[in-house]
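Student: Provided below are the primary sequence and the corresponding predicted coordinates.
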Amino acid sequence: MFKIFGQKKDEKEDILEIVLTEEVDCVGDFTYNFYWQHQGEKLDPDEKIPGNDYSFRDVVEHLKAKKTVKIKGNVGHRLCSSMGVDIKYFGGSSQDIEVGTVIVDGNVDSRMGISMVQGTIYIKGELKTPIGNLLELKSDKKGYRKFKSINDIVKNGLNGEKLIGAQLSGKRLLINDGLVKDTVGARLDIDAEIVMEGDVDLSSGILMRQGRVIINGNAGKNTGALLNGGTVVINGDCDDFTAIEMKKGLIIVNGDAGKFLGAQKKKGKVLAKKGSPIPPTTKKMLDEADKKILLQQGYNPHHFQAFE
């Protein structure tokens, strides 16, 4: 074992260790904070993590190699964002990939694990909500809380592990853990059903390709963003930008779908009781096919409108 500036890498276990003296955002962020939008202005992947000799890229590559990253200190926002996604922008397949484990000896700020699809996170300290596409499991590491991706659980099962605040039956997952979440069901690509009891925050069902996500509560902004198949149901109201850049699929809002509805939308359909669309999306009367869809989904078509 050797040490460099307060860091160490255990050759036997292959643990990359980071020591933080201040909160740092986007550690283990597979998108590098949506690099394609800012081209390095917000975050350079090869920038060293403050106080360490390892870069943000080093952490992601270590996790891609199915190894462990240990963080000593408090972590900022967006820990492990999109972990387990082979990001297309960086030359990947956009599919799920197996990844390693993150262990945090400290607190974690909000939006941990947004759009996360694979991997495991252990936390010793406090956790701020909203969290991402995550569920808590009974921990096998004393003194730590354990989290995995919702998608991982519905796709691959529990393998003997026990959920906290959720129940899995076949490919149907019921979540009632009381933790406000972002990106519920993000990138879901199998015929599974995820039911979330309570309000959610950002981007429910983002980048989904198949399956069904049901939110029995209100939703935040960007519901169904970039939806590419499947169904998102909100049994409440949404904040703005529902169905932004939607490609296909179905969104049902049993309430108000919000302002700027369907911004930059390509295809797909939104059925809602209320909403303020923006071109190219327009409001239409329900046709017979729309009414049939709503009836099949268990809704009375009365007061619903179509947005295409």
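Tutor: Received it, and whenever you're ready, just let me know what you need.

Student: roughly how far does F147 sit from G113?
Tutor: To G113, F147 is 7 Å away according to CB to CB, to the nearest Å. Placement of C-beta: from N, CA and C, glycine included.

Student: over to V195?
Tutor: According to CB to CB, V195 stands 19 Å off from G113.

Student: neighbour count for the two, which is higher?
Tutor: G113 (31 against 19; other CB atoms under 10 Å).

Student: and the more buried one, helix, strand or coil?
Tutor: coil (DSSP: H, G, I helix; E, B strand; the rest coil).

Student: equivalent analysis for Q264, please.
Tutor: Q264 is classified as coil under three-state DSSP.

Student: hmm, back to that, overlap in contacts, F147 and G113.
Tutor: Common neighbours of F147 and G113, counting by CB atoms under 8 Å, 6 or more residues apart in numbering, are I121, I131, L134.

Student: now do the contacts for the last one.
Tutor: So the one you mean is L134. Listed by CB under 8 Å, 6+ apart, the contact partners of L134 are M112, G113, M116, I121, F147, K148, S149, I150, K181.

Student: cool, and the first one?
Tutor: By CB under 8 Å, 6+ apart, the residues touching I121 are L79, C80, T101, V102, I103, V104, M112, G113, L134, K146, F147, K148.

Student: output those as a markdown table; include the columns secondary structure, distance to V253 and pLDDT.
Tutor: A markdown table is the format used below for these (DSSP: H, G, I helix; E, B strand; the rest coil; distance: CB to CB, whole Å; pLDDT from 0 to 100):
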| residue | secondary structure | distance to V253 | pLDDT |
| --- | --- | --- | --- |
| L79 | coil | 30 | 98 |
| C80 | coil | 30 | 98 |
| T101 | strand | 37 | 98 |
| V102 | strand | 35 | 98 |
| I103 | strand | 39 | 98 |
| V104 | strand | 36 | 98 |
| M112 | coil | 27 | 98 |
| G113 | coil | 25 | 98 |
| L134 | strand | 24 | 98 |
| K146 | strand | 34 | 98 |
| F147 | strand | 29 | 98 |
| K148 | strand | 29 | 98 |
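
Student: what's the spacing between L227 and D201?
Tutor: 17 Å.

Student: settle it for me: which of the two has more neighbours?
Tutor: Higher neighbour count among L227 and D201: L227, with 31 against 23, using other CB under 10 Å.

Student: gap between the more buried one and R111?
Tutor: 20 Å.

Student: spatially central residue for this protein, please.
Tutor: In the chain, the centroid-proximal residue (CA atoms, centre = their mean) is S115; its distance is 2.4 Å.

Student: the protein: helices as residue ranges?
Tutor: Listed in chain order, the helices of the chain (DSSP state H) span 35-38, 56-64, 150-156, 288-296.

Student: got a list of what K70 touches?
Tutor: I15, L16, E17, I18, V102, I103, V104, D105.

Student: just the strands in the stretch 51-200 of the chain please.
Tutor: In the stretch 51-200 of the chain, the segments counted as strands under DSSP state E, counting those that start in this stretch are 68-72, 101-105, 120-123, 134-137, 145-149, 163-164, 166-169, 172-175, 193-197.

Student: pull out the CA atoms of stretch 197-217 and give them to me as CSV.
Tutor: These are the backbone C-alpha positions of stretch 197-217, laid out as CSV (Å, rounded to 0.1, in the frame of the first residue of the first chain):
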residue,chain,number,x,y,z
GLU,A,197,-46.3,6.4,-3.7
GLY,A,198,-45.9,10.1,-3.0
ASP,A,199,-44.5,13.2,-4.7
VAL,A,200,-41.4,13.1,-6.9
ASP,A,201,-39.1,15.8,-8.2
LEU,A,202,-37.3,16.1,-11.6
SER,A,203,-37.4,14.0,-14.7
SER,A,204,-39.6,11.0,-14.0
GLY,A,205,-39.2,8.4,-16.8
ILE,A,206,-36.5,10.4,-18.5
LEU,A,207,-35.1,8.4,-21.5
MET,A,208,-37.3,5.4,-20.9
ARG,A,209,-37.7,3.0,-23.8
GLN,A,210,-40.1,0.5,-22.4
GLY,A,211,-42.2,-0.3,-19.3
ARG,A,212,-44.5,1.7,-17.1
VAL,A,213,-43.8,4.3,-14.4
ILE,A,214,-46.7,5.4,-12.2
ILE,A,215,-46.4,8.3,-9.7
ASN,A,216,-49.2,8.5,-7.2
GLY,A,217,-48.5,12.1,-6.4
